[in-house]
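Trainee: what would the 3D arrangement of this be:
(chains A and B)
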2 protein chains.
Amino acid sequence: MNDSLKIAIAGLGTVGIATLKLLETHKDLIVRRSGRPLVVTAVSARDRRLDRGISLEGFTWHDDPVHMARVAEADVVAELIGGAGYPARAVCETAISCGKHVVTANKALLAHHGVTLARAAEAAPVTLAFEAAVAGGIPIIKALREGLAPNCLSRVYGILNGTCNYILTTMRESGRDFADVLQEAQALGYAEADPSFDIDGIDTAHKLALLTSLAFGTETEMRSVYVEGIRHVSAADISYANELGYRIKLLGIARRTEHGIEQRVHPAMVALSTAIASVDGVLNAVVAEGDSVGRSVYVGRGAGGGPTASAVVADLIDIAAGRSAPTFGVVATALTRSQTTAMAQHRSAFYVRLMVVDKPGVFADVAAALRDEQVSMESVLQRRRDPGEIVPVVMTLHDTEEPAMLRALRRIESLTAVVESPRLIRIECL
Amino acid sequence: MNDSLKIAIAGLGTVGIATLKLLETHKDLIVRRSGRPLVVTAVSARDRRLDRGISLEGFTWHDDPVHMARVAEADVVAELIGGAGYPARAVCETAISCGKHVVTANKALLAHHGVTLARAAEAAPVTLAFEAAVAGGIPIIKALREGLAPNCLSRVYGILNGTCNYILTTMRESGRDFADVLQEAQALGYAEADPSFDIDGIDTAHKLALLTSLAFGTETEMRSVYVEGIRHVSAADISYANELGYRIKLLGIARRTEHGIEQRVHPAMVALSTAIASVDGVLNAVVAEGDSVGRSVYVGRGAGGGPTASAVVADLIDIAAGRSAPTFGVVATALTRSQTTAMAQHRSAFYVRLMVVDKPGVFADVAAALRDEQVSMESVLQRRRDPGEIVPVVMTLHDTEEPAMLRALRRIESLTAVVESPRLIRIECL
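Mentor: Numbers count the residues shown, from 1 in each chain, chains lettered A, B, ... in the order given. Next up, the predicted model:
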């Protein structure tokens, strides 16, 4: 039997505990797969006295995870604390500087400091692995980094946040509104008490930034990601989407354009016939488009103890078996700066919903504003006729430049018959 | 710059040529991903004079691929000839015995001789990699071998043959019959002149046998795979499936049961709501169900030069980067013998179509036969009433043991009013 791989675990929340349990229950399977035992030697968390439903006997306890990263008798530190700041970042930096491999589930940390950490890891040299940071139930990091390695990718996109997908799915199925469904999701534990990270698209942006670096060999850069969440998606928009043959999904999209790599997170209408339109509930999905493989689609659970722990342990097995790859697929010093593509250069089709006073002539004014910006209409839907009352008017617009669309909308918003800010949702051609 | 990885390519058909082209056109990308250049030094094919649309200058030509495997100045031999016999097998055996790594796209060879070859490779020790053998456009081998490694899998299944999926999809969309669509598929190059390997399920069985070994750590064993192709699927059955809320797909299914690992290839009805029901045309799909990750789904192109070459080169990059794994995920000597589960122990729901003479009392006889075998009916459909004429009767039966179902069918077939062999299609609960 080969020497064991010694592991120190920083953070004993849902993921940390699930990882400990998986390493214990699947010990035999893991040793068959990795060729050597994986043994946890040390653990660290905030409160030693907390009942975690698992015995911590036999592990050296550390109150300070950074200290543990330095002194623990370990080949690998699994950083399962989360957050871009202290102590998670210091745990990873310290482990690397002490020659220990790092496995992390921390998308925020890597999205903000991934390149710096990857360079440090490669200089050490140790492995910095993060399969658990994006869609734990799908080995998408490995797929992009190794499986699709010989492809020049044109686009990577997906549903990367289970909370948002759950909310949007439930809104559609129940016809209920956002605030109501969010509250329920919080009660069920599918959304955090402070849900901003999820519903404002930040979590999706972190994950997208990592997929972008892997797919395009570019430096991770959060500033380049356009981010818009799902707070403004209404039950009405979801119902109109249905009627028009679309689903509304919060997408993260990275695309190679003539101006550079475009990274966007926003609610999008996707045609019912696309592979990801039917990915519902807490499921995640990632689609990668490569010049040799064509389109490949990956669907699975995104979060939760089981899938995340599976990804953490898969990374540990790779390290135990001596398999390593540069953090972002190419050596960190060879990552290129992606020329950011601003949304000013973005083109797409659009869905627009106006609330207007139902009176003759309103639509002529709307049409004139669109015409003057060369925005061409695909369809208009006014279901209700109710002279003098406020009624919804729904339009879809053909592929157009976003700034022109926004200029037209500003003019439409200024019409006296238009009584609310127009709602705009991009229609994504997938 | 590190030393190059030297490659000898055996077989210059569609895949061989696509591999050569990919290595050339994506040279820079590949060296960034692998850390060293991938250089083809030698090639072998049957006919040197054939115009392959690509210059073979600079490669040492060999008429005999086995001789090439022995003498070529190469670190790796890519076996892209195909077939379980000579020369493909000899090429792999020779390369391994000469200390050369082997990358192959050959599912037939590995399904029949995978364990022997894997043992030889591990004894050498060299890498034997075969990502290209199953669903080239999806890195499913790597996902099962590494990405999902810490999972105890309960089931792996999928649509593994693009030709069959294209035929079944076209039959559904056009309402045309099997023979007609097959002929068209042959004309379009989607089916071989001798289509038996594809449409009789053998190709699917080869791929399933490989996925089974990876998923369950068992020795590859073709004899254990129950195989039934799609020749007997009729336009009528496809249309009834639609009406009942199903799609008919040729599935390969491996499942852990109390009796051992069950491996089956047959047409199956799958509910429209399942992830793979909408995987159409030449696309492949694989679903893996693990105890930690839950269900993860992979969809992509299965065959063709591009996807297959991508998988071959991904394996070459892994070798260049020093990443290796046991052929079937665990060392070959540790693979277990899977106790075969015969179809005699299989349970499922069933679809049955009878052609009967429309007269009073027929259905009472059918119902009695089912009752006597304890087969319980879910639904019956007799659309046409045409006294004295032959009409179809379609039934779905609840979950039951296959032998009981078959006994009931034999009795039903012997009824004088039943004028054709009953058609039976398993309904798969996914």
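Trainee: touching chain B at all, stretch A:296-314?
Mentor: Yes - Stretch A:296-314 is in contact with chain B by CB under 8 Å from any CB of the partner chain, via A:296-301, A:306-307, A:309-310, A:313-314. Just so you know, the C-beta spots here come from the backbone N, C-alpha and C atoms, and that holds for glycine as well.
Trainee: now, of those residues, which are buried?
Mentor: A:296-301, A:306-307, A:309-310, A:313-314 (16 or more other CB atoms under 10 Å in any protein chain shown).
Trainee: dihedrals phi and psi, residue A:277?
Mentor: phi -60, psi -30 (degrees, to the nearest 10).
Trainee: would you check that it makes contact with residue A:285?
Mentor: No - applying CB atoms under 8 Å, one finds residue A:277 not in contact with residue A:285, separated by 9.8 Å.
Trainee: who's more crowded, these two?
Mentor: Under the neighbour definition other CB atoms under 10 Å in any protein chain shown, residue A:277 and residue A:285 were set side by side, and residue A:285 has more, 28 against 20.
Trainee: am I right that that one sits in a strand?
Mentor: Yes - judged by DSSP: H, G, I helix; E, B strand; the rest coil, residue A:285 forms part of a strand.
Trainee: please parse chain A into its domains.
Mentor: Chain A breaks down by automatic domain parsing into domains covering A:5-133, A:140-301, A:346-427.
Trainee: nearest to residue B:20, out of those domains?
Mentor: Closest to residue B:20 of the domains of chain A, according to CB to CB: domain A:140-301, at 12.6 Å.
Trainee: and that closest one, how far apart are its ends?
Mentor: End-to-end distance of domain A:140-301 (CA to CA, to the nearest Å): 12 Å.
Trainee: quick one: mean pLDDT for it?
Mentor: Across domain A:140-301, the average pLDDT comes to 96.
Trainee: ok, stretch A:24-43 next?
Mentor: Stretch A:24-43 carries an average pLDDT of 97.
Trainee: which parts of it are buried?
Mentor: A:26, A:29-43.
Trainee: show residues contacting it.
Mentor: The contact list for stretch A:24-43, computed with CB atoms under 8 Å, 6 or more residues apart in numbering or on different chains, reads A:1-10, A:12, A:16, A:20, A:23, A:56, A:59-62, A:68, A:72-74, A:313, A:316-317, A:320-321, B:149-152, B:217, B:329-331, B:334.
Trainee: at 6 Å instead, please
Mentor: Stretch A:24-43 has contacts (CB atoms under 6 Å, 6 or more residues apart in numbering or on different chains) with A:2, A:4-9, A:23, A:59-60, A:68, A:72-74, A:316-317, A:320-321, B:149-150, B:330.
Trainee: buried members of the residues you listed into PyMOL, please.
Mentor: Buried subset of the contacts of stretch A:24-43, written as a PyMOL selection, criterion 16+ other CB under 10 Å:
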select buried, (chain A and resi 5+6+7+8+9+23+59+60+68+72+74+316+317+320+321) or (chain B and resi 149+150+330)
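Trainee: residue A:366: neighbour count?
Mentor: 25.
Trainee: please read the previous query as pertaining to residue A:383.
Mentor: 10.
Trainee: quick one: secondary structure of it?
Mentor: State at residue A:383, reduced to three classes by three-state DSSP: coil.
Trainee: how much space between it and residue B:210?
Mentor: Applying CB to CB, to the nearest Å, the value for residue A:383 to residue B:210 is 54 Å.
Trainee: which parts of the stretch 1-150 of chain A are strands?
Mentor: A:5-10, A:38-44, A:60-62, A:76-79, A:101-104, A:128-129 (DSSP state E, counting those that start in this stretch).
Trainee: dihedrals phi and psi, the residue nearest to residue A:282 when sequence neighbours are not counted?
Mentor: Once flanking residues are discounted, residue A:282 sits nearest to residue A:162: 3.7 Å by CB to CB, 6 or more residues apart in numbering or on different chains. Here is the backbone geometry of residue A:162 (degrees, to the nearest 10): phi -60, psi -30.
Trainee: thought residue A:286 was touching residue A:299, still the case?
Mentor: No - the criterion here is CB atoms under 6 Å, and residue A:299 misses it with residue A:286 at 8.1 Å.
Trainee: low-confidence stretches in the stretch 1-150 of chain A?
Mentor: Counting by pLDDT under 70, the stretch 1-150 of chain A shows low-confidence ranges at A:1-2.
Trainee: surely residue A:365 and residue A:416 touch.
Mentor: No - between residue A:365 and residue A:416 there is no contact under CB under 6 Å: 9.3 Å.
Trainee: and these two? Which one has more around it.
Mentor: Per other CB under 10 Å, whichever of residue A:365 and residue A:416 has more neighbours is residue A:365, with 16 against 9.
Trainee: separation between that one and chain B?
Mentor: Counting by CB to the nearest CB, to the nearest Å, the gap from residue A:365 to chain B is 43 Å.
Trainee: that residue: which element?
Mentor: Element membership of residue A:365, judged by DSSP states H and E, is helix A:362-372.
Trainee: with residue A:248 instead?
Mentor: When elements are assigned from DSSP H and E, residue A:248 belongs to strand A:246-257.
Trainee: so what does the next helix or strand after that strand touch, helix or strand wise?
Mentor: Proceeding N to C from strand A:246-257, the next assigned helix or strand is strand A:260-271, under DSSP H and E. Applying 3 or more CB pairs under 6 Å, 6 or more residues apart in numbering or on different chains; DSSP states H and E, one finds that strand A:260-271 contacts helix A:202-216, strand A:225-227, strand A:246-257, strand A:423-427.
Trainee: which one of the ones you listed lies closest to chain B?
Mentor: helix A:202-216 (10.7 Å; CB to the nearest CB).
Trainee: quick check: the residue lying closest to residue A:287 once chain neighbours are set aside vs residue B:147, distance?
Mentor: The shortest distance from residue A:287 to any non-neighbouring residue, by CB to CB, 6+ apart, is to residue A:297 (5.1 Å). Using CB to CB, one obtains 15 Å as the distance from residue A:297 to residue B:147.
Trainee: and the stretch 151-300 of chain A, which residues reach chain B?
Mentor: Residues of the stretch 151-300 of chain A lying near chain B by CB under 6 Å from any CB of the partner chain: A:151, A:292-294, A:296-300.
Trainee: tally of neighbours for residue A:194?
Mentor: Neighbours of residue A:194 (other CB under 10 Å): 8.
Trainee: cool, and residue A:271?
Mentor: Residue A:271: 15 surrounding residues under other CB under 10 Å.
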